[in-house]
Every structure is written in structure tokens, then in C-alpha cells.
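> Let's see this in three dimensions:
(2 chains)
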Number of protein chains: 2
Amino acid sequence: MQSDNPTAAILVIGDEILSGRTREGNAHYLSQVLNSIGIDLREVRIVADDHDQIVAAIRALDKSLGGAWDMLFTSGGIGPTHDDITADAVADAFGTGIEINDEARRVMTERWEAVGVEITENRLRMARIPIGARLIKNAVSAAPGFSIGNTHVMAGVPEVFRSMVEALQPELKRGRPEVSQALEVLRPESDVASGLREVAAAFPQLSLGSYPFKRGDQYGTSLVIRGLDGNEVNAAMNALRERLGL
Amino acid sequence: MQSDNPTAAILVIGDEILSGRTREGNAHYLSQVLNSIGIDLREVRIVADDHDQIVAAIRALDKSLGGAWDMLFTSGGIGPTHDDITADAVADAFGTGIEINDEARRVMTERWEAVGVEITENRLRMARIPIGARLIKNAVSAAPGFSIGNTHVMAGVPEVFRSMVEALQPELKRGRPEVSQALEVLRPESDVASGLREVAAAFPQLSLGSYPFKRGDQYGTSLVIRGLDGNEVNAAMNALRERLGL
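Numbering: from 1, shown residues only, chains lettered A, B, ... in the order given. Down below sits the predicted model:
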């Protein structure tokens, strides 16, 4: 699809995902949010709680560090425990130090005092933020995420992740939201392939995809046309219906 | 965790995942299978239906091409339509050609003739296989996946993907399956962090993780100890319970 929309990547950090113990859901949620505001998600990576792997992925994905995409969102690995190493890895990727952030400490301390939670050294670890980063506040948990370069670092707990995405949304550079139309046919993919190919050639500015499915013993195909101009998507869908005799 | 187990990566190919239209499930399924047979999944990537992105990812992930991990499994982008470009990208990544594979054509033709499906040029596109690849048969669909180098190329339709994983399993190099024990406590992560850190230091050969969750208004933490030796995992879990006063 031809598009001048900003591009994005998601980096999910967590052994618990790779071991199969937990099914990843944050990337799926964020992919829908990005799609709705005209940001093109181009890549997702899931890596272990491993300092070098995280540093390498951030450098490969954040354009401000010479990476591939306009912005990067991370999920997971910020928190108080020994295996939460994301903040240190982000600081290293950006070649900056890390220290207790005054504003983060203030926000967290206020919240904890209000609910009577004791302030411990472990809890204060969550206020360690790379130097130069901006905080991402959230309504659910006291510990903030942060943004540095074009990278936005968020928690892995789904409720907290979503709250941080909401807080971040207003400041993201947006593009034209994609328009899509889908058509489901109970015919195998190979039956509709040549029709789809012809229509794709006639509408090079659109993205046409076919996604086979199986329902009981019946093979079917979901045909999806995506683009930035609703009229064009409409015209292409009409052409496709006609070509398929529907 | 200290381990001599073989390592693996998964590459998921598909615009429909990145756009948020479809939630990815094949990587989650395969992560559990790999874990059960002692193969350490170290990285997952999701990329678009984009030739160059697929080629670059295969080269970065398959050790036989100088990449990072012992084996690579791909999901999606094989099939009869214009947007199924995986087979060509795999051939390019391995510097080999692509052509109709005689065995694939024979298997597909037999299956189609048996069920009275017409053999068309589009259907035969699914028999295009990189030269030198070995076929992965499956019980669900006529079209085979294939293996080349250390890369195993499979379909994205979940039923077909699973069937191919089953066919492939017996020939994969296995390691020692991981043993894990989990403990759920209704205390925030920061409350258990220092205990966890101490036990982790006493059992450096094990992997200890803590995963915060929220249930209603209650914060809790799931503590997980993983390793290759069940007795060690047991001993570490006992030490952790004692340290947390449980």
C-alpha cells in the first residue's frame, strides 16, 4: 500500500512469553490502536529478558538510533524485580545513564502515601529512569513508563500497558487512518487468486490480501482490501465482486 | 538459565497480523511445543508481506545463514495468491532458485483428484518450492511446507500450521525439557522482589521470574522458577517459600 503514514515497531520483552506460559496480547491491542490513528505497524519482535538482545533490538528498530522505523513501543520488563532490566538496556541503547527520576519518585511516593503503602528500596527501583527521558504517566499503577528518542517504554501488565498507551496517544504523530473492506467467500484461496491478482494490478495504490480459513470441512477465503481512500477501496471491492461473479 | 538446549526463533509473516485484523496464535502454540521438547525459543518476529523484510529476517535468525539461532520456524505467506511471497523470499535468502517441485505436485494432484478438485495454474503455484528444500507434509491441506537450511516454512492457517508442526516434530533436535514451578501470591511485585533476588543468587543455574497481575483491585505476583533439573527447582521453590514466610 502506498502511504506516507508514520511507521512503527513493537518490542515485547519477556521470557514468560517465549516459554509459552503467557500468551502475548499487548502487541495485538496496540496494533489496533495504531491502525486507527494512521500509524503503520511494520514489525513486532519478542525477545528474552536479556540485556544484549534488548539493546540490539532497540537500535535496529528506532529510527533515531539509525534503526528502521519512525517510532518504537516496548512492552514488559519494567518493575521492581531482579529480572526487570529494560530500563538499563534502554539507557545503554541510547548511550545515557540511569538514575532515580525526581518526578517519578514524587508521583510514586504521593500515590503510595495516599494508600498507605510502605516506601521501600525495591519499590523505588521503579523510579529509575534513563537520563533525559520523559515520563509516561498512567492511571492504574504508580510506576511510570518513559519515552526517550522515538522509543516509548511501557509496562507488560495489560491494564497498565493500556493505560500508558492512552496517556501517550495524544502526542503521537498521526497519519491517515486506513480504510478496509472485507469479503468472505466459501471458496478455497486458489479459486479466487487470479481474480484477486487482476484487481490488485488495477489498483496498485491499495493493498489486497486473501486469508484462507477452514470451518469444519469447508475451506473459505477472507478477501481484504485496504487503502487510505474510501472511494478507491469501494471501487476495488466492486471490481472484485464483479470479477468473482458475486 | 544455563542450558545446552538447541535454540530457535519464529518468524510470522502477515500484514493481517500487523494491521490488528487477526490475532497471532501460531507462535504461542509453537512456543509450548518447543518448550515441551527442550528447544529454547529465543526470539519471535512478525513482519509484513514484504520480500526484503522476509529475506533480512531469515538471514538474521537462521544460524546456517550466519544468523542467531539454531533453527527457524516460519508461519504464513505460502499459498496460491499474489500476496504469498514467502517461498520466493526463502529461495532468495538461501541464494537458490525456485521451481515446481515434482513430489509436491504429485502429492497435491493425487489429493485433488481424489476429491474432484480441478487442477489449475493457481493451485499449482503452491507446488513452487525452493530448489534443494525437503517437503513437510501435513494431514489437513494438500499443499506442503518445506525445510531448507535450518529453516522450516509452514502455512499460516492454524489447522495447517499445527499439522505441519506435528509432521516436523520427530526430526527436530531435542534438548532437556524445562521443568517449572509457579507460586501465586496476592502481594505486589515490589514486596517479593528482594526475597526473589536472594534465591536467584543462590541458584544461578535456574531462571526465576516474577510476573505481576491485577485481579479486581488486588495486585498479585506470579513467581516462576524454571530449570532443567526438577530437584533443583524444588529446592529453590522451598527456599523461596521460606524466605517469603509461606
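
> If you count neighbours, what's buried in the lowest-mean-pLDDT helix or strand in chain A?
Sorting the helices and strands of chain A by mean pLDDT, DSSP states H and E puts helix A:121-124 at the bottom, at a mean of 81. Residues of helix A:121-124 classed as buried: A:122-124 (neighbour count, 16 or more other CB atoms under 10 Å in any protein chain shown). Where you see a C-beta, it was placed from the backbone N, CA and C, and this is true even at glycine.

> how far out from the middle of the chain is that helix?
On the basis of CA atoms, centre = their mean, to the nearest Å, helix A:121-124 sits 29 Å off its chain's mean C-alpha point.

> Now the helix or strand hosting residue A:46: average pLDDT?
Following DSSP states H and E, one finds residue A:46 within strand A:40-47. Averaged over strand A:40-47, pLDDT sits at 97.

> Using CSV, list the CA coordinates for stretch A:120-131.
Provided in CSV are the C-alpha atoms of stretch A:120-131 (Å, rounded to 0.1, in the frame of the first residue of the first chain):
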residue,chain,number,x,y,z
THR,A,120,10.9,0.5,50.2
GLU,A,121,14.2,0.4,48.2
ASN,A,122,12.6,-2.2,45.9
ARG,A,123,9.7,0.0,45.2
LEU,A,124,11.9,3.0,44.5
ARG,A,125,13.8,0.9,41.9
MET,A,126,10.7,1.6,39.7
ALA,A,127,11.7,5.3,39.7
ARG,A,128,15.0,4.6,38.0
ILE,A,129,14.7,6.2,34.5
PRO,A,130,17.3,6.8,31.8
ILE,A,131,18.6,10.4,32.0
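
> How about that stretch and chain B, touching?
Yes: judged by CB under 8 Å from any CB of the partner chain, stretch A:120-131 comes into contact with chain B at A:120-123, A:125-126.

> correct me, but residue A:65 touches residue A:148?
No: counting by CB atoms under 8 Å, residue A:65 stays clear of residue A:148, with 10.1 Å between them.

> circling back to that earlier point, can you name the element that comes right after the strand holding residue A:46?
Later in the chain than strand A:40-47, the nearest helix or strand by DSSP H and E is helix A:51-61.

> which residues are in contact with that following helix?
By CB atoms under 8 Å, 6 or more residues apart in numbering or on different chains, the list of residues contacting helix A:51-61 from outside reads A:9, A:11, A:13, A:43, A:45, A:47, A:65-69, A:72, A:74, A:77, A:85-86, A:88-90, A:92-94, A:151, B:42-43.

> same check, this time on stretch A:63-71
Around stretch A:63-71, the neighbours that count as contacts under CB under 8 Å, 6+ apart are A:6-9, A:39, A:42-43, A:58-62, A:93-94, A:149-152, A:172-173.

> related to what we said a few turns ago, joint contacts of residue A:65 and residue A:148?
Taking CB under 8 Å, 6+ apart as the criterion, residue A:65 and residue A:148 both touch residue A:94.

> Of those two, give the one with the bigger neighbour count.
residue A:148 (21 against 17; other CB atoms under 10 Å in any protein chain shown).

> roughly how far apart are the more buried one and chain B?
23 Å (CB to the nearest CB, to the nearest Å).

> gap between the nearest residue to that residue once chain neighbours are set aside and chain B?
Spatial nearest neighbour of residue A:148, excluding adjacent residues (CB to CB, 6 or more residues apart in numbering or on different chains): residue A:133 at 4.1 Å. Counting by CB to the nearest CB, the gap from residue A:133 to chain B is 21 Å.

> Residue A:133 against residue A:147, yeah?
Yes: contact criterion CB under 8 Å: residue A:133 and residue A:147 qualify, at 6.3 Å.

> mind giving me the domain ranges of chain A?
What automatic domain parsing lists as the domains of chain A is A:7-171, A:179-243.

> Please state the offset of the longest one from the chain centre?
Computed by CA atoms, centre = their mean, the chain-centroid distance of domain A:7-171 equals 11 Å.

> How about the shortest one?
Relative to the mean C-alpha coordinate of its chain, domain A:179-243 is positioned 26 Å out (CA atoms, centre = their mean).

> Residue A:225 belongs to a strand, doesn't it?
Yes: counting by DSSP: H, G, I helix; E, B strand; the rest coil, one finds residue A:225 located in a strand.

> Count the residues that sit near it.
Look at residue A:225: counted by other CB under 10 Å, it has 26 neighbours.

> Please tell me how far it sits from residue A:40.
Going from residue A:225 to residue A:40 by CB to CB, to the nearest Å gives 16 Å.

> okay, which residue of chain A is out on the far edge from center?
Each residue of chain A has a distance to the centre, and by CA atoms, centre = their mean the biggest one is for residue A:245: 38.2 Å.
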